[in-house]
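Participant: 3D, please:
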Amino acid sequence: MRKIKAFLVALLLFAVTVIGCHFYIKDKASVDSTAFGTMPSEEKGKLRAALTENMSENGYPIFGSSEFQHGKENFYHPSQVFSGTDFQPMLIGAGYYQSLSHAITLASIEDSMKVRKAALILSPQWFRSTGVVDQAYASRFSETHYAGAMANEKLDDETKQYISDRTQKLLNVDTKTQKRVKMYDDVLWKKNSDFIEAAQETLWSAFLSEKEDFQTMLLGSSKELKMCEKRQADALEKMEEEGLLTKSKEPDWTALLALAEQKGEEENQNQFYMDEAAYKRLEPHLSKKEGMNSDAYKGYQTGPEYDDLECFLKVCQQLEIEPLIVIVPVNGYYYDFTGFPKEARQNYYEKVRTLAESYGARIADFSDQEYTKYFFEDRVHLGKKGWVMVDESLYNYYKEA
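Facilitator: Residues are numbered from 1 along each chain as shown. Predicted coordinates:
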């Protein structure tokens, strides 16, 4: 009898501990930091809890890719320029995130969004003929976001079928996850699962939810976040000291652009007007780069990425979210050097514009900035002037009624 009592007491203590840990971690998944939303992070975008628990009422999701990480030390990066303003966006993306991943994420988190807007910063490299590469897609795939999208009853069957078919194809490099995708389809979307499959989905999703809450808690106390908070504080101090904020505490975009121009003239005097550090990394290879893309007459004009972008636009339409499509150009000085045809570039911009307009999306079109000095950090990533101009478009879109 004593052994049974001891066992029951131990079991009760274990249950209390587990429940206590659950609520403690759940509480910590809501990170008390205004920097969390704009913190560039590969991991954050994959964690549904990190996004839904920390979506500000004063912002909207901004989807993108490697430009968020490339420019994070840049004073003009959104994680710094918006310091002290009422605009608190959620940056979602890192290298290898593209339209399809972002469509799934948006469908997953939209219920937590108070501001019914979203921005997608397009990178021309997404539109290579291959589209997103399977290994890249698998490395950024989030089961919790996928499950959230499939459970979203606002999406029609056609859109879910497209997402499912593309995901199944791209996850051929991860067959275990591929099988679970079918499980989410059966249980959460098609509603044709048996008892065992439904129970498996419930238990697995509960496990993933607990895991994500824990990972979000760790992000909330990470060195990465602390560094972002410090950059924000330093940026705010600089903006106040140098008069880069208006009386209403909004960024003075004219002053910021003038400062970016000045810094570019001081630091970026190379033939491509990119950041000097990027130019020095590129310089030893220039002899091999010259004229290498002269046959790319259909560059960025074909491939499955256009269908994935259309999927993102359909998700916005069905969820009644107003999208802003940000068309980022390429560094014209460098692309001319490699022989990449101007006509091919212009055809790409036009194709994206036409698709976005067909869904009534707003467009922030910077395709005419290919030859703007200091717009780029390197060949394609936003630099000093590029970030100022993009930031202004994102901010103005937020301020619109």
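
Participant: what about the strands in the stretch 201-350 of the chain?
Facilitator: Per DSSP state E, counting those that start in this stretch, the stretch 201-350 of the chain carries strands over the ranges 322-327.

Participant: where along it do the helices fall?
Facilitator: Assigned by DSSP state H, counting those that start in this stretch, the stretch 201-350 of the chain shows helices spanning 223-241, 253-267, 276-282, 286-289, 305-319, 332-337, 342-358.

Participant: run the chain-centre distance for the third one.
Facilitator: Yep, that's helix 276-282 we're talking about. Centroid separation for helix 276-282 versus its chain: 26 Å, with CA atoms, centre = their mean, to the nearest Å.

Participant: buried residues in that helix?
Facilitator: Buried residues in helix 276-282, defined by neighbour count with 16 or more other CB atoms under 10 Å: 278-279, 282. Yep, even glycine has a C-beta here, placed from its N, CA and C like the rest.

Participant: can you check stretch 81-97 too?
Facilitator: Neighbour-count burial for stretch 81-97 flags 81-85, 87-94, 96-97 (criterion: 16+ other CB under 10 Å).

Participant: what is the most widely separated pair among those?
Facilitator: Largest separation among these by CB to CB: 84 and 96, giving 32.0 Å.

Participant: kindly reformat the helices of the stretch 201-350 of the chain as JSON lines containing mean pLDDT and distance to residue 67.
Facilitator: Formatted as JSON lines, these follow (pLDDT from 0 to 100; distance: least, CB to CB, whole Å):
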{"stretch": "helix 223-241", "mean pLDDT": "93", "distance to residue 67": "16"}
{"stretch": "helix 253-267", "mean pLDDT": "96", "distance to residue 67": "16"}
{"stretch": "helix 276-282", "mean pLDDT": "96", "distance to residue 67": "13"}
{"stretch": "helix 286-289", "mean pLDDT": "96", "distance to residue 67": "21"}
{"stretch": "helix 305-319", "mean pLDDT": "98", "distance to residue 67": "17"}
{"stretch": "helix 332-337", "mean pLDDT": "98", "distance to residue 67": "16"}
{"stretch": "helix 342-358", "mean pLDDT": "98", "distance to residue 67": "16"}
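
Participant: Throw these into JSON lines and include distance to residue 114, thanks.
Facilitator: Output for the helices of the stretch 201-350 of the chain, formatted as JSON lines (distance: least, CB to CB, whole Å):
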{"stretch": "helix 223-241", "distance to residue 114": "22"}
{"stretch": "helix 253-267", "distance to residue 114": "25"}
{"stretch": "helix 276-282", "distance to residue 114": "38"}
{"stretch": "helix 286-289", "distance to residue 114": "46"}
{"stretch": "helix 305-319", "distance to residue 114": "14"}
{"stretch": "helix 332-337", "distance to residue 114": "39"}
{"stretch": "helix 342-358", "distance to residue 114": "24"}
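
Participant: of all those helices, which one is nearest residue 130?
Facilitator: Evaluated with CB to CB, those place helix 305-319 nearest to residue 130, the distance being 8.8 Å.

Participant: ok, which stretches of the stretch 51-200 of the chain are strands?
Facilitator: Under DSSP E, counting those that start in this stretch, the stretch 51-200 of the chain gives strands at 61-63, 90-92, 117-122.

Participant: gap between residue 184 and residue 104?
Facilitator: Distance, residue 184 to residue 104, by CB to CB, to the nearest Å: 11 Å.

Participant: and for residue 340?
Facilitator: Distance from residue 340 to residue 104, by CB to CB: 31 Å.

Participant: and which of the buried residues of stretch 81-97 is nearest residue 232?
Facilitator: Out of the buried residues of stretch 81-97, the member with the shortest distance to residue 232 (by CB to CB) is residue 83, at 4.3 Å.

Participant: residues touching the residue nearest to residue 200 when sequence neighbours are not counted, list them.
Facilitator: Using CB to CB, 6 or more residues apart in numbering and skipping residues adjacent in sequence, the residue nearest residue 200 is residue 183, 6.6 Å away. Contact partners of residue 183, counting by CB atoms under 8 Å, 6 or more residues apart in numbering, are 193, 197, 200-201, 204.

Participant: could you dump the strands of the stretch 51-200 of the chain to TSV with mean pLDDT and distance to residue 254?
Facilitator: Output for the strands of the stretch 51-200 of the chain, formatted as TSV (pLDDT from 0 to 100; distance: least, CB to CB, whole Å):
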stretch	mean pLDDT	distance to residue 254
strand 61-63	98	23
strand 90-92	97	25
strand 117-122	98	22
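
Participant: can you add distance to residue 150 and give those back as a markdown table?
Facilitator: What follows is the strands of the stretch 51-200 of the chain, written out as a markdown table (distance: least, CB to CB, whole Å):
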| stretch | distance to residue 150 |
| --- | --- |
| strand 61-63 | 19 |
| strand 90-92 | 19 |
| strand 117-122 | 19 |
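
Participant: wait, which of these is closest to residue 375?
Facilitator: Proximity to residue 375 (CB to CB) singles out strand 117-122 among those, at 14.0 Å.

Participant: strand partners (parallel or antiparallel) of the closest one?
Facilitator: strand 61-63 (parallel), strand 322-327 (parallel) (DSSP bridges).

Participant: any weak-confidence spans in the chain?
Facilitator: 1-30, 32, 401 (pLDDT under 70).

Participant: neighbour count for residue 340 and residue 104, which is higher?
Facilitator: residue 104 (25 against 21; other CB atoms under 10 Å).

Participant: distance of that one relative to residue 251?
Facilitator: Note on residue 104: its distance to residue 251, by CB to CB, is 32 Å.

Participant: among the strands paired with strand 117-122, which is the most enclosed?
Facilitator: Sort those by mean neighbour count, taking mean count of other CB atoms under 10 Å, and strand 61-63 sits at the top with a mean of 26.

Participant: ok now that one, how far from the chain's centre?
Facilitator: Mean C-alpha position of strand 61-63 versus that of the full chain (CA atoms, centre = their mean) differs by 5 Å.

Participant: fine, thanks again, bye for now.
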